Structure formats: C-alpha cells, structure tokens
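Visitor: need a structure here:
(one chain, ligands or ions: 1)
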Amino acid sequence: CVERTFIALKPDAIQRGLVGDIINRFERKGFHLLGLKFVQPSRQLVEKHYEEHLGRPFYEGLVNYMTSGPVLASVWEGKNIISSSRSLLGATDPSKAAPGTIRGDLATQVGRNLVHASDSPANAEREIGLWFQPEEVQSWSRAL
Ligand code: CMP
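Guide: Now for the predicted structure:
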C-alpha cells in the first residue's frame, strides 16, 4: 500500500557532504519527495522524536549528536515505503549493514549512522507532525 514516511538526514550526513547521494538513492528507488527542509532541532524536539529510547544507555549521546548541527528533514511517499526505506538504509549498526545499503556503503559507527527512517505507520505520522507543518508537505505524487 502507498504510505508516507519521515526521513531525517542527521548532522553527520550534512557535514560529510552526503546529502545528494542519500536523496538520490530514494529518488532512484522511485519514492516521491513530498517535503524537505533544514532544521536546527531543539533538544525538546529531539527528545520527543526519540521518546521511546528514553533511559537507554545511548540516549544522552544520541540527543547530543542529533542537536549538534542541522538536520535535513524530509517526507516521502511510496509503495511499502516504511519497510522498503529501512531496507535502503541497512541495519542500525553500520558495521552490520549490508553492502549496497546507505549505512553499509557510507558509515561505520552506530552513533553516526547518517539517516533515520520511521519504523511504523503510526510513528511516521507522529514524526511528520513533530517536524513539519501540514502546509510544508506537498501531495503532488497522488496526481500521477
Ligand atoms: P535511528 O534509526 O535514528 O533510531 C534510533 C537511533 O539511536 C539509531 O538510529 C542510532 O542513531 C541510535 N542508536 C541505536 N542504538 C545505539 C547504540 N547502541 N549506540 C549508540 N546509538 C545508538
């Protein structure tokens, strides 16, 4: 089924100059870009985004990482995009991610894994609502 998801290019993706490469992989796959913007996220925004990880040993480092520079927030649409985009990303830990995936090709550390993708339809809508105003998200692909 056609779904929407939230994809964030994390500060390391911006700083390493990988924005074009990562967006290109989503476009070549055939997903449709509905929204895109730079955000310098507040601590509060990142804490809400990652609220399910509160209390994990890596939580503090994760929040510091995600607030360390601009994040490129995006909304994409496509068939089975929630599971399919996570396949494009590869395993959370880049040292375990398959070659051909974004993390498998471009990263080595779980604490610098370049990109986030929503893990369920409910989280996708929650995350889109946290990062975007409704008028910042287009719906052009439905016309094609
Ligand atoms: P993401 O897909 O955005 O979802 C949760 C994030 O927490 C994950 O990517 C990593 O950036 C981070 N993360 C998960 N596990 C670890 C870990 N063991 N050590 C450091 N960071 C982690």
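Visitor: what about the helices in this structure?
Guide: In the chain, the helices defined using DSSP state H lie at 11-15, 19-29, 43-49, 59-66, 81-89, 102-106, 121-131.
Visitor: Which one of those helices lies nearest to the ligand?
Guide: Smallest distance to the ligand across those (C-beta to the nearest ligand atom): 4.7 Å, for helix 59-66. Where C-beta positions appear, they are placed from N, C-alpha and C, glycine not excepted.
Visitor: what is the mean pLDDT for that closest one?
Guide: Mean pLDDT, helix 59-66: 98.
Visitor: is the ligand contacted by it?
Guide: Yes. Against the ligand, helix 59-66 shows contacts by C-beta under 6 Å from any ligand atom at residue 62.
Visitor: cool, and stretch 84-101?
Guide: Yes. Judged by C-beta under 6 Å from any ligand atom, stretch 84-101 and the ligand are in contact via residue 92.
Visitor: what's that stretch in contact with?
Guide: With C-beta atoms under 8 Å, 6 or more residues apart in numbering as the test, stretch 84-101 has contacts from 5, 7, 25-26, 29, 31, 76, 78, 102-110, 112-115, 117, 119.
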